[in-house]
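> Structure here, sequence nowhere to be found:
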């Protein structure tokens, strides 16, 4: 029995059901169930957010200047992006302008996150979906060296170097204690790399693990620590002093040089290790064209990285803003986060209730009433779910829609929109990848396309860090060292009531915070985050979300090993703590919560 | 079992000579305030110890603890994971998923009964029948209790596991509950912070592996070696506090000169952590050094103690006309009194502790 969804997918639940819970190598907790047909092809996919924290309720009645710290704790992986979104929302509400230097430093911090997060995602959360660690033991170190040197002039590439790493992995495997590699899917026929490429990738897995901690030192310099650096409504908390006595107590020439050197090393690592590895791995998986899902039809981006301070126009954003629907790349729609008709959230299939669940609500009017109930076709019990019933409520994630459309957000969405706009910063690198791999443009709309877009964006972000650090230095040279505007720091200067919206493009996609301030306190706070978009359950019309769509029609080599499922889910870099924290501005509704 | 790489071999592989290795051991002993004889014990442990299994569970959290952990510079996290411990379960980095992942927990529980460490990031929610955090179709709290049953000791990573942290802030909609309120029959080491400092995390683990015991804990269950002093006690801006030189406004003259952030709400005077000494990300900086006050993220209930920008004591609201000197003296006086009171309280706590010594029994993990 099959059902056609309005967004064009044929769902068939008659085949064998496979459950993956927990889905690992993601942030937070999620579950995935699929139905396989007789040829082991996925014909129905169900994505369930399995955690919920309720941060918006906690924010009620707090000082809006503190909100960044609370919302930053929505996620420690995309650390800082919620904080930046939050200070932007509060500044929008209160009409606070920030200094140019603060804009540059914020952008450097946001780009640092992009570069770091994409790198760690690729090697430590995603690579082992493509790379077989055990196969690396069979590699010839000389051939590995030749391969590495043929794709990059990164200096750590001698046969001896690869031999040392191989011996280390050998000792590790022989110890019988495989640690995080225990029960992996080693030897699965879906792994396609030759042993030499596997050894190169495993070696860089370890190198990237050592290097990633360097990138985030930029957060430490400007924000005091990472994860969870400090932010400030009105600017940035770090004062700059490059000329005078006391400079050692502030951001001074030595600190600025340290940032600059980290930027150079980040650019070098991404361009000489990450991108060449990505291309090498992709070249062995060109035939694996699955996982496109919604990317070829509906993508959304709010835009980010404002070139100049205090200008939220689309033209001023270096990452593009816009929406593409029905696969029409020739038309980019404007996106307005204040328009009640555009972004709406539905809960028919989420563990929340509305008075009228056939309708969606704009975040300004958002209601969240927790309602953990399972459908009649659930197998198992309320606290022992064996198989979930997706015809009923089945996720802690709400279903956001843009003008009724399920949308994909994230690096691929941004790069598709940038490409469709003809912006050379996006179009040229995409065309180069396609030419180098001899692939048509359609290849972009796939799991691999998503992974490639993330890599290109990592490089883009690293180079843009250089742009903003240079801009900051030019500003200092011109005599401006301001980093904060305190005109409206005192709540006495605020209007009695104010509303604001803040956005960023988090590494995983479009992120928005909506705040209402009353009498100096938060009266209402709502966040709609990237994994809410991508991981959303179905809506009343039956549209499936981006995760579910991307899994559809993918063949699985071994039904008992969910390698291909993980591969496609990981390509979105799911962040469940983000997606499922969402809670009502109306705390009264929590009376339903049962205390055990 | 085939030979596995030991600490010593890791160090040798990194080009460290045996002579330097022994020197490192004696410096470690000195740094930890131990008799010289301990140096040889450290050396022996590092040369011979096999890897202890660690099962790292995740409840309601934001993964900042894991992200912090992988930033460790000494030891490098790659060495911790490949050569020091056997990180057999950690949803954030483990390769396997679903049934294959869950099977590992069973295997380790059986094979290493009483000999593995349970590390917990995040906490279990008890509302919604525990189903606001579902693992393998079941409430996380069940998984936590099962894995805890056979462990040697529990490490509560971060403020979520230690205290509850942000999801437990008022009104705690999911009834997020710290680990020690659910697991009551095992030694628990709290390593609070949002997140804890990377090198403090790896420092606690390597201490336990080296000495085969849990570190000495304070009354709240935190390792004294890293949580025994307040940020304020060792803050490099402390002389400005003592001199009454304060930042009065963001980006003012005082901010640019690195004056004390007390009046901007810094919680350094009431926060026990190693930020002002170990610092962050291999010693690069810490919040105060980068211009923002401490928000007290390693303290119990720090989210519910008023705005991060309010004074520790309620002495805010200085007139605009008051000059820096006047304000400085007034503030220093108030805080001075608060700190004296605190010192007395600490002394009383110490006396109580000495007479009780009730967590001594927990020291043998």
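Cool, the structure landed. Source: prediction; values computed, not measured. Residues are numbered from 1 along each chain as shown, chains lettered A, B, ... in the order given.
> which regions of the stretch 201-350 of chain B sit below the pLDDT cut-off?
Across the stretch 201-350 of chain B, the ranges flagged by pLDDT under 70 are B:312-350.
> what does the stretch 201-350 of chain B put close to chain A?
Applying CB under 8 Å from any CB of the partner chain, we find that the stretch 201-350 of chain B lies next to chain A at B:237, B:249-252, B:255-259, B:275, B:280-282, B:284-292, B:295, B:297, B:303, B:307-309. No exception for glycine: its C-beta is placed from N, CA and C like everyone else's.
> Could I get the phi/psi values of the closest residue to chain B within the stretch 1-150 of chain A?
Minimum separation of the stretch 1-150 of chain A from chain B (CB to the nearest CB) falls at residue A:76, amounting to 2.4 Å. Torsion angles at residue A:76 (phi, psi; degrees, to the nearest 10) stand at phi -100, psi 0.
> Also residue A:408?
According to degrees, to the nearest 10, residue A:408 has phi -100, psi 140.
> State the distance from it to chain B.
Going from residue A:408 to chain B by CB to the nearest CB, to the nearest Å gives 22 Å.
> Please tell me how far that residue sits from residue A:21.
Distance from residue A:408 to residue A:21, counting by CB to CB, to the nearest Å: 23 Å.
> sorry, back to before: and the residues of the stretch 201-350 of chain B next to chain A, which are buried?
Among those, those buried by neighbour count (16 or more other CB atoms under 10 Å in any protein chain shown) are B:237, B:250-252, B:255-259, B:275, B:280-282, B:284-292, B:295, B:297, B:303, B:307-309.
> Residue A:408 and residue A:21 - which one has more neighbours?
For residue A:408 versus residue A:21, the count of surrounding residues by other CB atoms under 10 Å in any protein chain shown is larger for residue A:408: 31 against 25.
> residue boundaries of the helices in the stretch 351-500 of chain A?
Assigned by DSSP state H, counting those that start in this stretch, the stretch 351-500 of chain A shows helices spanning A:411-420, A:424-436, A:447-477.
> same deal with the stretch 151-300 of chain B?
With DSSP H, counting those that start in this stretch, the ranges of helices along the stretch 151-300 of chain B come out as B:158-162, B:198-211, B:224-227, B:238-242, B:253-256.
> and residue B:86, what is it in contact with?
With contact set as CB atoms under 8 Å, 6 or more residues apart in numbering or on different chains, residue B:86 has these partners: A:177-179, B:51-54.
> now, the most widely separated pair of these?
A:178 and B:52 (14.7 Å; CB to CB).
> doesn't residue A:539 make contact with residue A:349?
Yes. Taking CB atoms under 8 Å as the definition, residue A:349 is a contact partner of residue A:539 at 7.4 Å.
> and the residue in the stretch 151-300 of chain A that chain B sits nearest to, how many residues sit next to it?
Nearest to chain B, among the residues of the stretch 151-300 of chain A, is residue A:249, at 1.4 Å (CB to the nearest CB). If you count neighbours by other CB under 10 Å, residue A:249 ends up with 22.
> Redo the helices of the stretch 351-500 of chain A as CSV? Include mean neighbour count and distance to residue B:85.
Converted to CSV, these look like this (neighbours: other CB atoms under 10 Å in any protein chain shown; distance: least, CB to CB, whole Å):
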stretch, mean neighbour count, distance to residue B:85
helix A:411-420, 26, 33
helix A:424-436, 15, 39
helix A:447-477, 23, 30
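> if you skip the residues just before and after it, what's nearest to residue B:251?
Of all residues not flanking residue B:251 in the chain, residue A:484 sits nearest, at 3.9 Å (CB to CB, 6 or more residues apart in numbering or on different chains).
> Look up how far residue A:233 lies from that neighbour.
9 Å.
> picking that back up, from the contacts of residue B:86, which ones fall inside strands?
The strands, defined by DSSP state E, take in B:52-54 from those.
> restrict the residues you listed to those near chain A?
Among these, the ones lying near chain A by CB under 8 Å from any CB are residue B:53.
> from the ones in strands among the contacts of residue B:86, which single one is nearest residue A:122?
Closest to residue A:122 out of the ones in strands among the contacts of residue B:86 is residue B:54 (25.1 Å), distances taken as CB to CB.
> Enumerate every residue touching the residue of the stretch 201-350 of chain B found nearest chain A.
Here the stretch 201-350 of chain B gets closest to chain A at one residue, residue B:258, 1.4 Å apart by CB to the nearest CB. Shown in contact with residue B:258 (CB under 8 Å, 6+ apart): A:246, A:248-250, B:237, B:240, B:289.
> got the contact list for residue 307?
In the absence of a named chain, this looks at chain A. Residue A:307 makes contact with A:316-318, according to CB under 8 Å, 6+ apart.
> Sorry, I should have been clearer: chain B.
A:62-63, A:65-66, B:265.
> what does residue A:181 give?
By CB under 8 Å, 6+ apart, the neighbours of residue A:181 are A:128, A:133, B:94-95.
> Among the contacts of residue A:307, which are located in strands?
A:317-318.
> okay, the contacts of residue A:307 in a markdown table with pLDDT and neighbour count next?
Below are those laid out as a markdown table (pLDDT from 0 to 100; neighbours: other CB atoms under 10 Å in any protein chain shown):
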| residue | pLDDT | neighbour count |
| --- | --- | --- |
| A:316 | 98 | 15 |
| A:317 | 98 | 19 |
| A:318 | 98 | 20 |
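> Could you tell me which ones among the contacts of residue A:307 also sit near chain B?
Okay, of these, nothing touches chain B (CB under 8 Å from any CB).
> my guess is residue A:404 meets residue A:540, correct?
No. Residue A:404 lies out of contact with residue A:540 (CB under 8 Å); the separation is 10.0 Å.
> Between these two, which contacts overlap?
Contacts common to residue A:404 and residue A:540, judged by CB under 8 Å, 6+ apart, are absent.
> Quick one: name the residues of the stretch 251-400 of chain A near chain B.
Going by CB under 8 Å from any CB, the residues of the stretch 251-400 of chain A near chain B are A:251, A:258, A:370, A:372, A:380, A:382-386, A:396.
> Now, of those residues, which are buried?
By 16+ other CB under 10 Å, those give A:251, A:258, A:370, A:372, A:385, A:396 as buried.
> how close does the closest residue to the second one other than its chain neighbours get to residue B:291?
Spatial nearest neighbour of residue A:258, chain neighbours left out: residue A:221 (6.2 Å); criterion: CB to CB, 6+ apart. According to CB to CB, residue A:221 and residue B:291 sit 10 Å apart.
> List the residues that contact the residue nearest the centre of chain B.
What sits nearest the mean C-alpha location of chain B, by CA atoms, centre = their mean, is residue B:191, with 3.0 Å. Applying CB under 8 Å, 6+ apart to residue B:191 gives the contacts B:155-158, B:162, B:200-201, B:204, B:222-223, B:226.
> quick one: which of those residues is nearest residue B:270?
When the contacts of residue B:191 are compared for distance to residue B:270 (CB to CB), residue B:222 wins out at 14.6 Å.
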